[in-house]
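> can't give you the sequence, but here's the structure:
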């Protein structure tokens, strides 16, 4: 029952086996496999909402940060984490919501942004949009299908809290835009 | 929306059934957060609880009002937009209620604040509880409040209290979208047809008298301003008026001057509309204690 001092690994009681040394990397790998409930092509790690994984005596603590205040997917994500770790026999899991340091779309990694585009969702444009939004000026959004920048906003509020609805004036297809946040 | 609110009831009652907290994590966060506030004396702590409730109540009540549009929006996109805004606001309310519960340290949850307080214990701004009216009135109400919230959260970001400043930063991002949405619609309606213009004018006649209430302060604000936690609402008035005037001008609407103002939200004194709203919102958990989604 020796716990490593840097807590990169911890001995956890498991349901299926007696006990097993679980590393932080192993947990992080499991989290990497959990898809966003609304956008299955990106994982919760890609999304940048997993803030820290802490191993304590017989317990795994995972801190996540909400994307939008009212995002209903947060509850689903918390459940998914607990369920995924339970599949590995890890029973003692704590998922906390942390608000310090506010999530931004800049935390979505580039590979994930590319997968969003392939999936048909225009990824968020870089940088902070607030001032531009207020004055009605905003950066052009590129059509995820044909790459045209001739796009127009249909509605600021789309199918989920994090998306706006756009239309491409070149290929005439409507598409979702992951709002800059 | 109702489904959304109902799902939130369950946590507390699941705890009663299990006779233990659903998540130990909540307890842990609870202890961590309260220990952070050892330095805070009880007067400051009590004031901060009330301050959080004021913010949360306004968000929740306005969120509930907007939720009434679900399935009734003039067009599909607007139905979705109004309920999206509602969702943001209810989410913001939850975060501030949770923080108030941590500070109060009496084992309450966000649901206790939302569902088990009466009208006189609610501190939401009078403007937030006003009925939806027509789409024009809803948009005007949203614009007046979103403008206020925009400057409020911009200022609250600099609060000494790190939780308040983080929640403000988060809320500000969302409110910026709300402000943009309602500004664009107000201009479209005011500068639209004779009828749409008239309807928004009527809405101004109806709602303007509740705008003074937004800038009221009392001893709660005074104490927290001294501590660098709260913000001076008087300083928001000028930028708020400037922005409202700017949009009214584009919308060809007249900015009312020197109107009589109805006040009272700081002391839980409300218009007749709040009681009805709470009755509907709180009916389920009060009628079926222990109900679970």
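Sure, I can see it. Everything numeric in this text was worked out from a predicted model, so none of it was measured.
> so what's the closest residue to chain A within the stretch 1-150 of chain B up against?
Residue nearest to chain A within the stretch 1-150 of chain B: residue B:91 (2.6 Å; CB to the nearest CB). Where C-beta positions appear, they are placed from N, C-alpha and C, glycine not excepted. By CB atoms under 8 Å, 6 or more residues apart in numbering or on different chains, residue B:91 lies in contact with A:66, A:68, A:69, A:70, A:71.
> May I ask which helix or strand encompasses it?
Using DSSP states H and E, residue B:91 sits within helix B:76-104.
> Could you list the buried residues of that helix?
B:78-104 (16 or more other CB atoms under 10 Å in any protein chain shown).
> likewise stretch B:54-73?
Applying a neighbour-count criterion of 16+ other CB under 10 Å, one finds B:54-70, B:73 buried in stretch B:54-73.
> On the secondary structure side, give me the element for the residue nearest to the spatial centre of chain A.
Residue closest to the mean C-alpha point of chain A, counted by CA atoms, centre = their mean, is residue A:47 at 2.7 Å. Element membership for residue A:47, per DSSP H and E: none, as it lies in no helix or strand.
> so it makes contact with residue A:36?
Yes: counting by CB atoms under 8 Å, residue A:47 touches residue A:36, with 5.7 Å between them.
> Can you give me every residue that contacts residue A:151?
With contact taken as CB under 8 Å, 6+ apart, residue A:151 is in contact with A:122, A:140, A:141, A:142, A:143, A:166, A:167, A:168, A:169.
> what about burial for these, which qualify?
A:122, A:141, A:142, A:143, A:166, A:167, A:168.
> Go back to those and keep what's next to chain B.
Residues of the buried ones among the contacts of residue A:151 in contact with chain B (CB under 8 Å from any CB of the partner chain): none.
> Out of those residues, which sit inside strands?
Filtering those for membership in strands, criterion DSSP state E, returns A:122, A:166, A:167, A:168.
> can I assume residue A:119 is in contact with residue A:35?
No: contact criterion CB under 8 Å: residue A:119 and residue A:35 do not qualify, at 11.4 Å.
> what's the closest of the contacts of residue B:91 to residue A:161?
Lowest distance from residue A:161 to those (CB to CB) belongs to residue A:68, with 4.3 Å.
> what about that closest one, neighbour count?
22 (other CB atoms under 10 Å in any protein chain shown).
> go on, residue A:40?
Residue A:40: 9 neighbours (other CB under 10 Å).
> Next, work out how far apart it and chain B are.
21 Å (CB to the nearest CB, to the nearest Å).
> And the closest residue in space to residue A:120 that isn't next to it in sequence, how close does it get to chain B?
Leaving aside its sequence neighbours, residue A:120 sits nearest to residue A:144 (CB to CB, 6 or more residues apart in numbering or on different chains; 5.4 Å). Distance, residue A:144 to chain B, by CB to the nearest CB: 20 Å.
> Also residue A:76?
With distances taken as CB to the nearest CB, residue A:76 is found 11 Å from chain B.
> For the strand or helix carrying that residue, what is the distance to the chain centroid?
Using DSSP H and E, residue A:76 falls within helix A:73-87. Its chain's C-alpha centre and that of helix A:73-87 lie 13 Å apart, by CA atoms, centre = their mean, to the nearest Å.
> and the end-to-end length of stretch B:223-237?
End-to-end distance of stretch B:223-237: 20 Å, with CA to CA, to the nearest Å as the criterion.
> Run the chain-centre distance for that stretch.
Distance of stretch B:223-237 from its chain centroid, counting by CA atoms, centre = their mean, is 18 Å.
> pLDDT of it, averaged?
What stretch B:223-237 shows for mean pLDDT is 97.
> list the contacts for the residue nearest to residue A:82 when sequence neighbours are not counted?
Leaving aside its sequence neighbours, residue A:82 sits nearest to residue A:93 (CB to CB, 6+ apart; 5.2 Å). For residue A:93, the contact set (CB under 8 Å, 6+ apart) comprises A:59, A:60, A:61, A:62, A:81, A:82, A:85, A:86.
> Max pairwise distance over those: which two?
Most distant of the contacts of residue A:93, by CB to CB, are A:61 and A:86, 15.3 Å apart.
> need the contact list for residue B:40.
residue B:48.
> That one: what secondary structure?
Residue B:40 falls in the coil class when you classify it by DSSP: H, G, I helix; E, B strand; the rest coil.
> just the residues of chain B that are near chain A, which are they?
B:4, B:7, B:23-25, B:28-29, B:77-78, B:80-81, B:84-85, B:87-92, B:94-95, B:150, B:162-163, B:166-167, B:169-174, B:176-177, B:179-181, B:184.
> rerun that using 6 Å as the cut-off
Proximity of chain B to chain A, by CB under 6 Å from any CB of the partner chain, involves residues B:25, B:29, B:77, B:80-81, B:84, B:87-88, B:90-92, B:166-167, B:169-170, B:173, B:176-177, B:180-181.
> backbone phi and psi for residue A:159, please?
phi -70, psi -30 (degrees, to the nearest 10).
> Also residue A:96?
Dihedral angles for residue A:96 - degrees, to the nearest 10 - are phi -110, psi 150.
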